[in-house]
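Enquirer: I would like the atomic coordinates for the input below:
(one chain, ligands or ions: 1)
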Amino acid sequence: MLMFESEEERNKLIDKWKSLIINNCNMCNGTGYINTKPCTCFYKAKKSVEKEVSNIPLAAFEYNTPLKVDYNFDTYFNFIFSNIYKTKNLYLQGLSYSINTEVIGYIADNIIGVEHKITHKYYSIYYDIYENLIQLSLRSNIDKDARIKLNDIIQKPNVLIIDGLGLESGLNSQTMHNAKLLQLILKERMNRVKSTILCSSLTINNIQNIYNKEIVDFIVNYFDIIKPRG
Ligand SMILES: [Zn+2]
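Expert: Residues are numbered from 1 along each chain as shown. Here you go, the predicted model:
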């Protein structure tokens, strides 16, 4: 379940949320269980651990509904929790920073701790900005840990959120590399039937100017494009 932390870090996280949530629960007297069944505080603590591991900014979880976008996210949740061999991807286009953050928080909150209807597994979700993935890929030629981490991020999470697309540094000198990495990530995840969410303040046409037409065609064909309402 915890993808990117060492065993030691994982236990530290679990202990932290245990002491914050379970130890202070009056319903189960701080044990986490009521008659051998997990108390609601147990699930709350578990969800908090997973939220932290997802790398999503914790402020994102303080979202307001309704969200100011022209999309019904129930369609998305229904799809990813009802299918095994099909996936759905989202491209959040031209949203302001605050709306983008709210949408990410809302999506993550509706995925973390929810059981898949068919497989009965819980979905993992991971967030990163594209700049970080590029830095990892540049380091991965000489740094084995960077290579493993990048592969984990691309291959493991059921839902991967890549934020800040098209805003990375060194764009002019590295465009080819950045475009190729993006293509690799999107295709690799499609092959593994895993959902990707791209976030960019840029429109799809601007993306074509930065990367290439192939990427834009791929996004248009395989992604639901979500815009601000109005
Ligand atoms: Zn409790």
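Enquirer: Write out the residues of the protein neighbouring the ion.
Expert: Residues of the chain lying close to the ion (Cβ under 5 Å from the ion) are 25, 27-28, 39, 41. For every residue, glycine as well, the C-beta is placed using N, CA and C.
Enquirer: Let me see the backbone angles for the residue of the chain positioned farthest from its centre.
Expert: Here the centre of the chain is the reference, and by Cα atoms, centre = their mean the most remote residue is residue 35, at 35.2 Å. The phi and psi torsions at residue 35 (degrees, to the nearest 10) take the values phi 50, psi 60.
Enquirer: Residue 171 now?
Expert: Note on residue 171: its backbone torsions stand at phi -60, psi -50 [degrees, to the nearest 10].
Enquirer: got a pLDDT number for the residue nearest to it when sequence neighbours are not counted?
Expert: Once flanking residues are discounted, residue 171 sits nearest to residue 210: 6.6 Å by Cβ to Cβ, 6 or more residues apart in numbering. Here, the pLDDT recorded for residue 210 equals 89.
Enquirer: how close does residue 210 sit to the ion?
Expert: Distance of residue 210 to the ion, computed by Cβ to the ion, to the nearest Å: 50 Å.
Enquirer: And the protein, what are its domain boundaries?
Expert: 1-53, 56-226 (automatic domain parsing).
Enquirer: hey, least reliable of the ones you listed by pLDDT?
Expert: For these, the weakest mean pLDDT is recorded on domain 1-53, namely a mean of 88.
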